[in-house]
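[1] quick one, fold the following:
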Amino acid sequence: MCNAVIAIHGGAGAIAQASLSVQKEKQYFAALRKIVSAGQRLLAGGGSALDAVTQAVRLLEECPLFNAGKGAVFTHAGDHELDASIMDGFSLQAGAVAGVKHIRNPILAARAILEHSPHVMLTGDGAEDFAEQQRLERVENEFFSTPERFAQLKLARQRGEMLLDHGGAAAGGVQFMPPDQKFGTVGAVALDQLGNLAAATSTGGITNKHAGRVGDSPIIGAGCYANNASVAVSCTGSGEVFMRTLAAYDIAALVTYSNLSLQEACQKVVMEKIPQLGGSGGLVAVDRLGNVALPFNSEGMYRGYGYIGDAPDVGIYR
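    Model (predicted):
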């Protein structure tokens, strides 16, 4: 039996520590612990890594504190466009959706594509139709809206810029970032008791983004990757840079072909390669031996992990 573990993230680019109230910090910690605990219980009961990451990301999508599903940020057009992906390290099967507006839980649509479609990614109306065929819950686009996110959109429009999803009105202060440093994503990786790995990622994108913009989150190898032979990875950060570096797959390649440890591979990608291209962010990763890494080069990253039988370990800042 393997040392089963789950790790999650709620996005890098956290609220500036000086702006985060004690009450809000407690809300984040409670949400992270609850979701890690749910994953631990599933794994302890013999559940698969694929089921654990699906459940964790679905719960993150349901929590308005995070930028995925309910609580997703607004596009410049004033609506929500959601992306998600999932990958099974045992079979190397994967599923992804991009630019969806009416699927309550995009990660469930991605999982359905993995299991029931010959394709890996579906977008827009095609993804919506497929989800309906799979009897997944459909909602009006307004379902994803929250007052805090709308306030962020208004601020971003006034400035004519895009807005870091954890900043602005939701944080009690305004945090406008350069174009390559605005991100918010959720994700999970897991190793189950049979030694199988899985990864999943979901996002609402970036506030005031151009309609139709797709980042790294639904792209296998960029924002999400899992292979039983090496690692499972879920990324959060400057999506365009994570795409250009194939960040998630790069971790796996460094472990497989350069014989780096998980920590060494993550250090090289997150602390060297991503910043060299002006990018920022982080990731959660677990290798086939159960080692966990949660590196980030931004001020913070909402994160947590837990092995079966242990109390969840959660954090935001360094």
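[2] in the sheet, who's paired with L82?
    Beta-bridge partners for L82, by DSSP bridges, are V100.
[3] give me the neighbour count for it.
    30 (other Cβ atoms under 10 Å). For every residue, glycine as well, the C-beta is placed using N, CA and C.
[4] for Q276, same thing?
    10.
[5] can you pull the pLDDT of it?
    For Q276, the pLDDT comes out at 97.
[6] next one: phi and psi at it?
    Q276 adopts backbone torsions of phi -60, psi -30, taken as degrees, to the nearest 10.
[7] how close does it get to D250?
    Q276 sits 13 Å away from D250, going by Cβ to Cβ, to the nearest Å.
[8] which parts of the stretch 1-150 of the chain are strands?
    Counting by DSSP state E, counting those that start in this stretch, the stretch 1-150 of the chain has strands at residues 5-12, 82-88, 94-100, 121-123.
[9] for the stretch 151-300 of the chain, same thing?
    186-191, 197-203, 224-226, 231-237, 281-287, 292-293.
[10] any idea of the angle the fifth one forms with strand 231-237?
    What that stands for is strand 281-287. If you take axes from the mean of the first three to the mean of the last three Cα atoms, to 10 degrees, strand 281-287 sits at 170 degrees to strand 231-237.
[11] what about dumping the CA coordinates of strand 281-287 to PDB?
    Presented in PDB, the C-alpha positions along strand 281-287 are these (Å, rounded to 0.1, in the frame of the first residue of the first chain):
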ATOM      1  CA  GLY A 281       2.700  31.500  -9.700                       C
ATOM      2  CA  GLY A 282       3.000  28.100  -8.200                       C
ATOM      3  CA  LEU A 283       1.800  24.500  -8.300                       C
ATOM      4  CA  VAL A 284       1.000  21.500  -6.200                       C
ATOM      5  CA  ALA A 285       2.700  18.200  -7.100                       C
ATOM      6  CA  VAL A 286       3.000  14.700  -5.700                       C
ATOM      7  CA  ASP A 287       5.300  12.000  -7.000                       C
END
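[12] now for it, which elements pack on it?
    For strand 281-287, the elements it packs on are strand 5-12, strand 186-191, strand 231-237, helix 247-257, helix 262-268, strand 292-293, strand 301-307, judged by 3 or more Cβ pairs under 8 Å, 6 or more residues apart in numbering; DSSP states H and E.
[13] the fifth one packs against which elements?
    With contacts defined as 3+ Cβ pairs under 8 Å, 6+ apart, the packing partners of helix 262-268 are helix 247-257, strand 281-287, strand 292-293.
[14] show me the shaky parts of the stretch 101-250 of the chain.
    Flagging of the stretch 101-250 of the chain using pLDDT under 70 yields the residue ranges 161-183.
[15] buried residues in whichever helix in the chain runs longest, which are they?
    The residue-count maximum for a helix in the chain (DSSP state H) belongs to helix 22-44. For helix 22-44, a neighbour-count test (16 or more other Cβ atoms under 10 Å) marks Y28, F29, A31, L32, R33, I35, V36, A38, G39, Q40, L42, L43 as buried.
[16] how much space between M87 and A109?
    Separation of M87 from A109 (Cβ to Cβ) stands at 15 Å.
[17] those two - which one has more neighbours?
    Set side by side, M87 and A109 show more neighbours around M87, with 31 against 27, by other Cβ under 10 Å.
[18] need the contact list for that one.
    Counting by Cβ atoms under 8 Å, 6 or more residues apart in numbering, M87 makes contact with Q93, A94, L114, A198, A199, A200, I220, C224, Y225, A226, A232.
[19] and those as JSON lines, adding distance to R135 and neighbour count?
    Listed next are the contacts of M87 as JSON lines, based on distance: Cβ to Cβ, whole Å; neighbours: other Cβ atoms under 10 Å:
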{"residue": "Q93", "distance to R135": "21", "neighbour count": "15"}
{"residue": "A94", "distance to R135": "22", "neighbour count": "22"}
{"residue": "L114", "distance to R135": "16", "neighbour count": "23"}
{"residue": "A198", "distance to R135": "23", "neighbour count": "29"}
{"residue": "A199", "distance to R135": "25", "neighbour count": "35"}
{"residue": "A200", "distance to R135": "20", "neighbour count": "35"}
{"residue": "I220", "distance to R135": "25", "neighbour count": "23"}
{"residue": "C224", "distance to R135": "24", "neighbour count": "34"}
{"residue": "Y225", "distance to R135": "29", "neighbour count": "33"}
{"residue": "A226", "distance to R135": "26", "neighbour count": "34"}
{"residue": "A232", "distance to R135": "28", "neighbour count": "32"}
